[in-house]
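Colleague: Got a predicted structure here, sequence first:
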There are 2 protein chains.
Amino acid sequence: MRVAVLSIGTELTRGEIHNTNASWLSEQVTQLGVEVACGETIPDDVAVIVASLRRLGTDYDVILTTGGLGPTTDDLTAASVADCLGVPLVRDVASHEHIKALVERRGRALTASNAKQADFPAGANVLANSQGTAPGFQVRIGRADAYFMPGVPGEMKPMFTQHVLPQLAKIPSDCTSVLRLKTFGASESSINDSLAGIEQQHSVVIGYRVQFPEIEVKVLACRDNRAEADAAVLNSALVVRERLGNLVYGEDVDSLPRVVAQRLRALGRSLSLAESCTGGLLSDLLTAEPASDYFLGAVVCYSNTVKQSLLGVSAETLATHGAVSEATVREMARGAQLGLGSDYALAISGIAGPTGATADKPLGRVHIALAMPDQVLTEEFTFYGNRRQVQQRAAYTALNLLRLQLGPSA
Amino acid sequence: MRVAVLSIGTELTRGEIHNTNASWLSEQVTQLGVEVACGETIPDDVAVIVASLRRLGTDYDVILTTGGLGPTTDDLTAASVADCLGVPLVRDVASHEHIKALVERRGRALTASNAKQADFPAGANVLANSQGTAPGFQVRIGRADAYFMPGVPGEMKPMFTQHVLPQLAKIPSDCTSVLRLKTFGASESSINDSLAGIEQQHSVVIGYRVQFPEIEVKVLACRDNRAEADAAVLNSALVVRERLGNLVYGEDVDSLPRVVAQRLRALGRSLSLAESCTGGLLSDLLTAEPASDYFLGAVVCYSNTVKQSLLGVSAETLATHGAVSEATVREMARGAQLGLGSDYALAISGIAGPTGATADKPLGRVHIALAMPDQVLTEEFTFYGNRRQVQQRAAYTALNLLRLQLGPSA
């Protein structure tokens, strides 16, 4: 089954909004085990819409279209479809009643603009809109079943789920299974090199997605049925995990902050932070989700004075070694652990740039310390990238250091 | 000039990520006064890429392509272009050196996967990548100038701006001028109502873009030449500013954190923070750019113990009024101001959710305090939205409170 997603709207071809409908529809289709072969985005222009529909109707089995069903003069989809099929527009009485009732319930009178939304190409099957005034419709164009839905996501999604998905699900297809492994600590190309040969050996497809600073490794198998596809993915994912070792921290919806949080909760341990160059980023990453059951707080010690007054870093350490040093970050971690009363504490100090580098401390130099109940670990890094990238690498690296110390969650 | 935007990547046709590259490129092209006639999204598949390029090369003058230039086995764009043109892939020595130097600077050895990124279809013009390993390239396909750029937005955007835009800008077109006004504190629809009539009166187009929690108001004019377009935009922007008053905090590249930072710098004043429910988000917003000349630090006082020990909030205040109260947030602000030694201090405490609401304190209830040299201002809010949205509204609202107190920067 070859599926195309066609998005109609000048606001899209002008880049005024992101095309979230196309990605949502593509995801829905992929979950059926079918690949979307093509996405197309075109303006509200009858000639362009007609040409696209003719071409897609020749090459595809299903066309999922959104947009251009509204009440305004620039909504031209139904007229374009009628033009493409060489049929007139015909008013659908039931839709007209639905629109009239809805508009009047909103305290307004039915206008000609609204009424136009009840006009469909002759022979079309109307798709009810449970959320708004614009019904959708389905027609046959060439070899394709073409579905036309509104561009408003809140109206399109229920219409797709209620009226289109059940039709698509009837069509038999190959079965696809996907597993995502989340990794941190190696580059895309080095992971790719580590996994050489697995695709051929297991007849699976391995894909990579950079979600800076993490790399997601996706394992995908297509088989004749779902059970075989699932088994192939699980088998090859085992090999991927074996090759990548503890670079893999989780699967699918896992995130590094979430995995560390789960582990701390399971152990009944608490965490605090002392952040200098990351300026609160790590604290924000942890508290983007509820965290009060393991996270006590953080000191963002941007100035040296604050390092001394709130974390007890000694003036001598700062004078001798500087703020970006193993000695300072060690005292910061201990200071947070003692001052905030946590079991673990992470401390980060570095030169995020763009200025601040010295002869012996380059841009990207970051010291990280992890205070544990019995000892303090420290590590020195030189991260590349711009200021924001150095901050992100530093925050994730600190979190990963803690993850590796806490051990596997299994 | 007919322009097509071609996005290559199976992660796009599977709907795993939104296609923000296509909307960004479309916006850039629109700003040149040229309409994008078509956007197309296809998977990493040589046959599909070749077929698309052949078709687009027949119908369009410019093809802007992103994706598939990475080091991994699923990056197939260069090979597909070579196939389409019937030429071999040829290694570009300069690009190879660039990639090698970059990889080695990152402390790794050059792998075959990386080296592959220096292979281009014979005859291609290489486009340098200032941000990463994957250079882009330009070739002629049919009647079209086809540009190939990386899919990583942070690498694609500078490449487009530096190497592609100057080529496109040579082509004469109508003159378009655009100004963006940045606002915070009112909804899209209420701003829209305030600006009624300006479009008709000044023959301009006003657009809105939600960049949560801010609203960007875009004023766009098309005229016969650039000077007229600029004048029309400036005149109507004056009217927009008059109507919106101090909802407007800046223009174009301004951001709320940047505007507040500039103002504090100009006044020679320092700032510290005490964050509870925002968990370091505001501190992160301020330190995403260099901030050490005005920002001293923050206490993320997620637990009540930390509110007492590091900020000196009294046990009595917490017991009587609770952590989410005007009294507590006032003491937090004073505590940060005194403890970190800053001129100004912002404090935030609230219920971000999804749990924690009580009979008299609903989800989204947030107290904000601003400690100034002579007094402490406090304000109570009830924000709607999910946890993350409440955190973001709270952080921006606190920053805006400080902006309004500091007065205009002019």
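Modeller: Happy to help now that I have it. Residues are numbered from 1 along each chain as shown, chains lettered A, B, ... in the order given.

Colleague: nearest residue to residue A:94 other than its sequence neighbours?
Modeller: In space, residue A:94 comes closest to residue A:126 once its chain neighbours are excluded; the distance is 7.3 Å by Cβ to Cβ, 6 or more residues apart in numbering or on different chains. Backbone N, C-alpha and C define where each C-beta goes, glycine included.

Colleague: Confirm the one you found sits in a strand?
Modeller: Yes - with DSSP: H, G, I helix; E, B strand; the rest coil as the criterion, residue A:126 is assigned to a strand.

Colleague: Is the residue of chain A positioned farthest from its centre within a helix or a strand, and which one?
Modeller: When distances are taken from the C-alpha mean of chain A, residue A:316 lies farthest, 46.3 Å away, according to Cα atoms, centre = their mean. Here residue A:316 is covered by helix A:315-321, with elements defined by DSSP states H and E.

Colleague: That helix: what's the following helix or strand?
Modeller: That would be, after helix A:315-321 and using DSSP H and E, helix A:326-340.

Colleague: Give me the buried positions along that following helix.
Modeller: When neighbours are counted by 16 or more other Cβ atoms under 10 Å in any protein chain shown, the buried residues of helix A:326-340 are found to be A:327-337, A:339-340.

Colleague: Same list, these, but only the ones touching chain B.
Modeller: A:339-340 (Cβ under 8 Å from any Cβ of the partner chain).

Colleague: okay, the buried residues of helix A:326-340 in JSON lines with distance to residue B:350 and pLDDT next?
Modeller: JSON lines is the format used below for the buried residues of helix A:326-340 (distance: Cβ to Cβ, whole Å; pLDDT from 0 to 100):
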{"residue": "A:327", "distance to residue B:350": "38", "pLDDT": "98"}
{"residue": "A:328", "distance to residue B:350": "33", "pLDDT": "98"}
{"residue": "A:329", "distance to residue B:350": "32", "pLDDT": "98"}
{"residue": "A:330", "distance to residue B:350": "35", "pLDDT": "98"}
{"residue": "A:331", "distance to residue B:350": "33", "pLDDT": "98"}
{"residue": "A:332", "distance to residue B:350": "28", "pLDDT": "98"}
{"residue": "A:333", "distance to residue B:350": "29", "pLDDT": "98"}
{"residue": "A:334", "distance to residue B:350": "31", "pLDDT": "98"}
{"residue": "A:335", "distance to residue B:350": "28", "pLDDT": "97"}
{"residue": "A:336", "distance to residue B:350": "24", "pLDDT": "98"}
{"residue": "A:337", "distance to residue B:350": "27", "pLDDT": "98"}
{"residue": "A:339", "distance to residue B:350": "24", "pLDDT": "96"}
{"residue": "A:340", "distance to residue B:350": "21", "pLDDT": "97"}
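
Colleague: which one of the buried residues of helix A:326-340 sits closest to residue B:118?
Modeller: Using Cβ to Cβ, residue A:329 comes nearest to residue B:118 of these, at 38.9 Å.

Colleague: so the closest one sits right up against residue A:345, yeah?
Modeller: No - counting by Cβ atoms under 8 Å, no contact exists between residue A:329 and residue A:345, whose distance comes to 10.8 Å.

Colleague: can you pull the contacts of residue A:110?
Modeller: A:99-100, A:103-104 (Cβ atoms under 8 Å, 6 or more residues apart in numbering or on different chains).

Colleague: quick one: which of those is most hemmed in?
Modeller: Highest neighbour count within these: residue A:99, with 23 neighbours (other Cβ atoms under 10 Å in any protein chain shown).

Colleague: Which SSE is immediately downstream of the strand or helix carrying it?
Modeller: Assigned by DSSP H and E, residue A:99 belongs to helix A:93-105. Where DSSP H and E defines the elements, the next helix or strand beyond helix A:93-105 is helix A:112-115.

Colleague: who does the helix or strand following that next one pair up with?
Modeller: With elements assigned by DSSP H and E, the helix or strand that comes after helix A:112-115 is strand A:119-121. Sheet pairing of strand A:119-121 (DSSP bridges) gives strand A:89-91 (antiparallel).

Colleague: what comes up buried for the strand it pairs with?
Modeller: Counting neighbours by 16+ other Cβ under 10 Å, strand A:89-91 gives residue A:89 as buried.

Colleague: just the helices in the stretch 201-350 of chain A please.
Modeller: Using DSSP state H, counting those that start in this stretch, the helices of the stretch 201-350 of chain A run over A:226-244, A:256-267, A:281-287, A:304-311, A:315-321, A:326-340.

Colleague: do the third one and chain B meet at all?
Modeller: Yes - contact between helix A:281-287 and chain B is present through A:281-284, A:286-287 (criterion: Cβ under 8 Å from any Cβ).

Colleague: tell me the mean pLDDT for that helix?
Modeller: With pLDDT averaged residue by residue, helix A:281-287 scores 98.

Colleague: Can you name every helix or strand that it contacts?
Modeller: For helix A:281-287, the helices and strands in contact under the criterion 3 or more Cβ pairs under 8 Å, 6 or more residues apart in numbering or on different chains; DSSP states H and E are helix A:256-267, strand A:271-275, strand A:295-300, helix A:387-406, helix B:281-287.

Colleague: export those to JSON lines and tack on mean neighbour count?
Modeller: Putting the helices and strands packed on helix A:281-287 into JSON lines (neighbours: other Cβ atoms under 10 Å in any protein chain shown) gives the following:
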{"stretch": "helix A:256-267", "mean neighbour count": "18"}
{"stretch": "strand A:271-275", "mean neighbour count": "30"}
{"stretch": "strand A:295-300", "mean neighbour count": "30"}
{"stretch": "helix A:387-406", "mean neighbour count": "21"}
{"stretch": "helix B:281-287", "mean neighbour count": "27"}
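
Colleague: Would you mind saying which of the ones you listed lies nearest residue A:189?
Modeller: Using Cβ to Cβ as the criterion, the shortest distance between residue A:189 and these is 16.7 Å, found for helix A:387-406.

Colleague: quick one on the thing from earlier: kindly export the helix holding residue A:99 (C-alpha atoms) in CSV.
Modeller: What follows is the C-alpha trace of helix A:93-105 in CSV, where atoms were taken according to Å, rounded to 0.1, in the frame of the first residue of the first chain:
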residue,chain,number,x,y,z
VAL,A,93,-28.4,18.7,3.2
ALA,A,94,-27.4,16.9,6.4
SER,A,95,-24.1,18.8,6.5
HIS,A,96,-25.9,22.0,6.0
GLU,A,97,-28.1,21.3,8.9
HIS,A,98,-25.2,20.3,11.1
ILE,A,99,-23.3,23.6,10.3
LYS,A,100,-26.4,25.7,10.8
ALA,A,101,-27.1,24.1,14.2
LEU,A,102,-23.5,24.6,15.3
VAL,A,103,-23.3,28.2,14.2
GLU,A,104,-26.6,29.1,15.8
ARG,A,105,-25.5,27.3,19.1
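
Colleague: Any idea what the nearest residue to residue A:85 once chain neighbours are set aside is bridged to?
Modeller: Sequence neighbours aside, residue A:121 is the residue nearest to residue A:85 in space, at 5.6 Å (criterion: Cβ to Cβ, 6+ apart). With DSSP bridges as the criterion, the beta-bridge partners of residue A:121 are residue A:89.

Colleague: Look at the residue lying closest to residue A:164 once chain neighbours are set aside and give its secondary structure.
Modeller: In space, not counting the residues next to it along the chain, residue A:164 is nearest to residue A:147; the distance is 5.0 Å by Cβ to Cβ, 6+ apart. Applying three-state DSSP to residue A:147 yields a three-state assignment of strand.

Colleague: Looks like residue A:147 contacts residue A:65 (just checking).
Modeller: Yes - counting by Cβ under 8 Å, residue A:65 is a contact partner of residue A:147 at 6.4 Å.

Colleague: for the stretch 151-300 of chain A, which spans come out with low pLDDT?
Modeller: Using pLDDT under 70 as the threshold, the predicted model of the stretch 151-300 of chain A has low-confidence ranges A:171-174.
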